[in-house]
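In: Compute the structure for the input listed below.
(one chain, ligands or ions: 1)
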Amino acid sequence: MSEPFYPPNTPAWQTLKALSEQAPSVQTAMNDTEWQRKAHLQLNELTLNVSHHRMSIDIFEGLLALLNASPFATLRAGLFSGGAINLTEGRAVGHTRIRTPDFIRADPTLKAIREFTQAVHSGALKSATDRPFKHIVNIGIGGSDLGPKMVCQALDHPDTSQLTCHFVANVDGAEINTVLRRCDPETTLIVIASKTFTTQETLMNARTARAWLQASLPDSPKRAQHLVALTTAAAKAVDFGVAPNQIFAFDEDIGGRYSLWSSIGLTIALQSGFETFEALLLGGHAMDQHFSNAPLPQNLPVMLALMSVWYGNFLGAQSQAVIPYCERLSLFPSFLQQLDMESLGKSTTREGRSTDYQTGLITWGQTGTNGQHAFFQLLHQGTHLVPLDFIGFGEDSLSSEPAHRALRLNLAAQVTALAQGQPGADSHRDYAGSKPSSVIMLDALTPFNLGMLIALYEHKVFTCSAIWNINAFDQWGVELGKALANAFDRGDLEQPPVTQALLDQVRLTQTEQDP
Ligand code: F6P
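Out: Model (predicted):
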């Protein structure tokens, strides 16, 4: 039986390590015609430009060799065939399955989502006081919040938005109290989004919202029309008081951070219409087909993943930033934080061996041009190597020509300044340059293009997990915190003195102090 894949033990890893000793600057790579021929990829209206990187053909081929030595091909086949590639939970991974045209056509839950959305929009389904629904309060956290919230913000458009969406995630009661104060209970739909229907924050907020409805609406069976649940745990939702016909289920093999394509996306359809949600799904599917079939050197998710591996494992980068030059994508970095860091923040291989190599990078970001006035100083003249992904759009019908041109020229100026640098009059004004970045451009921010963009990053994360030989689809690291919070909640507060002092400090206890 062959040894399990361990990246540092491969010839490719040793080759890359040697190449990293004399890694070319970005400026050198920009004049490397052989590498530049590989640096522009495209799928439909999405282009990826990786010409501003510390790359060469030898490095690129070394990274491809590392990928080919990894279990990538087998795992990718398993992703699309329904294989149980989520090893530690013994599950398949279903987010690509639920965005195929066949699935979209045939799935009964999607049909129910379409019908429910149309009933709410047409007024066929009204509130307990026979008024049309105007507001949605989506109560969920993590993947039950970040994905739908990011998509709703990105696709909020005067031509398609029909309801006002509010998102509540934190157990901090000020958040839900503020949102509910802004809503009229008679026209508000409460959407409880929770895969497990056990998440402490979501249940606390759901109870607050339920009490708000009960206090404000007549006690009639029609009050149940204000409560919807999106979950794999339908029985728990019924116990909570959600009417069975207002529960939209989805399968266990849909991971939380991969769930916006499932029933968790109901709020997207309610805000922007089912057609918008369907176009998003089809955009994701288009990227799936590309990822599955494109030769690796021309494979967009693969190219992004190889960049993260090169900088993270061979050039010492600890973090990577995503800078969308589009204010409607201001939540995209937060969405990517969960997608990337909850998938790749692992230090045990698929076979259970500790990794003595770096895996997931710290992912962060903010929109441009705002970031230029916040942290770009560090990126230009700081001591950290931070590979960047710039995201831009060729046109924006919600902007104006002068403003959108200014946005695009700032994007180009930053990529150029970071890459080329410029000698300064003195060392304080010197720009070393050679700061790497990828540029992703889409013709416009449409549902289809957003679907492609999200799936691009999902498959980038997947590819990194294969190279690092880790499971991208579990998240055991979030359980201990939840268990301790529940123990503290139960009053199980027997802790060592230092922790006891912490509990005193956060006012959970008042320990008698020794005189
Ligand atoms: O952060 C841990 C986590 O389990 C995420 O993976 C998930 O998206 C989130 O909590 C919410 O879980 P649920 O949708 O079950 O409420």
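In: going forward, measure contacts between C-alpha atoms and count neighbours the same way
Out: Fine.
In: who in the stretch 201-350 of the chain is up against the ligand?
Out: Within the stretch 201-350 of the chain, the residues that sit near the ligand (CA under 6 Å from any ligand atom) are 256-257.
In: Of all the residues in the stretch 201-350 of the chain, which one is nearest the ligand?
Out: Gly256 (3.7 Å; CA to the nearest ligand atom).
In: What sits closest to that residue if chain neighbours are left out?
Out: In space, and not counting its chain neighbours, Gly256 is closest to Gly143: 4.5 Å by CA to CA, 6 or more residues apart in numbering.
In: then whichever strand or helix holds Asn68 to CSV, C-alphas only?
Out: Element membership for Asn68 (DSSP states H and E) is helix 57-69. Taking C-alpha atoms only, helix 57-69 is exported to CSV below (Å, rounded to 0.1, in the frame of the first residue of the first chain):
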residue,chain,number,x,y,z
ILE,A,57,7.2,28.8,-16.1
ASP,A,58,9.4,26.6,-13.9
ILE,A,59,7.5,27.6,-10.8
PHE,A,60,4.2,27.2,-12.5
GLU,A,61,5.1,23.7,-13.7
GLY,A,62,6.4,22.8,-10.3
LEU,A,63,3.1,23.8,-8.7
LEU,A,64,1.2,21.8,-11.3
ALA,A,65,3.4,18.8,-10.6
LEU,A,66,2.6,19.2,-6.9
LEU,A,67,-1.1,19.3,-7.7
ASN,A,68,-0.8,16.2,-9.9
ALA,A,69,1.0,14.4,-7.1
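In: Low-confidence ranges, the stretch 1-150 of the chain, go.
Out: Applying pLDDT under 70 to the stretch 1-150 of the chain flags residues 1.
In: Spell out which residues of it are next to the ligand.
Out: Checking the stretch 1-150 of the chain against the ligand by CA under 6 Å from any ligand atom, the hits are 141-144.
In: Just put those in JSON lines and tack on secondary structure and neighbour count.
Out: Output for those, formatted as JSON lines (DSSP: H, G, I helix; E, B strand; the rest coil; neighbours: other CA atoms under 10 Å):
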{"residue": "Ile141", "secondary structure": "coil", "neighbour count": "21"}
{"residue": "Gly142", "secondary structure": "helix", "neighbour count": "17"}
{"residue": "Gly143", "secondary structure": "helix", "neighbour count": "22"}
{"residue": "Ser144", "secondary structure": "helix", "neighbour count": "27"}
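In: So what's the residue count around Val302?
Out: A count of nearby residues for Val302, using other CA atoms under 10 Å, gives 24.
In: can you pull the contacts of it?
Out: 291, 296, 459-460, 463 (CA atoms under 8 Å, 6 or more residues apart in numbering).
In: and the next element down the chain from the helix or strand harbouring it?
Out: Taking DSSP H and E as the definition, Val302 sits inside helix 300-309. Downstream of helix 300-309, the first helix or strand assigned by DSSP H and E is strand 319-324.
In: Mind listing the strands that following strand pairs with, and their directions?
Out: Strands that pair with strand 319-324, judged by DSSP bridges, come out as strand 362-365 (parallel), strand 388-393 (parallel).
In: Look at Lys435 and tell me its secondary structure.
Out: Three-state assignment for Lys435 (DSSP: H, G, I helix; E, B strand; the rest coil): coil.
In: and it, what does it touch?
Out: For Lys435, the contact set (CA under 8 Å, 6+ apart) comprises 26, 53, 379-380, 385-387, 418-419.
In: May I have the phi/psi pair for Val50?
Out: With angles defined as degrees, to the nearest 10, Val50 sits at phi -120, psi 40.
In: Neighbours of it, how many?
Out: 24.
In: still on that earlier bit, the helix holding Val302: how far from the chain's middle?
Out: Averaging C-alpha positions (CA atoms, centre = their mean, to the nearest Å) puts helix 300-309 16 Å from its chain's average.
In: Average pLDDT for it, rounded please.
Out: Computed over helix 300-309, the mean pLDDT rounds to 99.
In: what angle sits between it and strand 319-324?
Out: 140 degrees (axes from the mean of the first three to the mean of the last three CA atoms, to 10 degrees).
In: Dump helix 300-309 to CSV, keeping only the CA atoms.
Out: Provided in CSV are the C-alpha atoms of helix 300-309 (Å, rounded to 0.1, in the frame of the first residue of the first chain):
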residue,chain,number,x,y,z
LEU,A,300,-9.3,29.3,-13.2
PRO,A,301,-9.9,27.9,-9.6
VAL,A,302,-6.6,25.8,-10.0
MET,A,303,-4.7,29.0,-10.9
LEU,A,304,-5.9,30.9,-7.9
ALA,A,305,-5.1,27.9,-5.6
LEU,A,306,-1.6,27.5,-7.0
MET,A,307,-0.9,31.2,-6.1
SER,A,308,-2.0,30.7,-2.5
VAL,A,309,0.2,27.6,-2.2
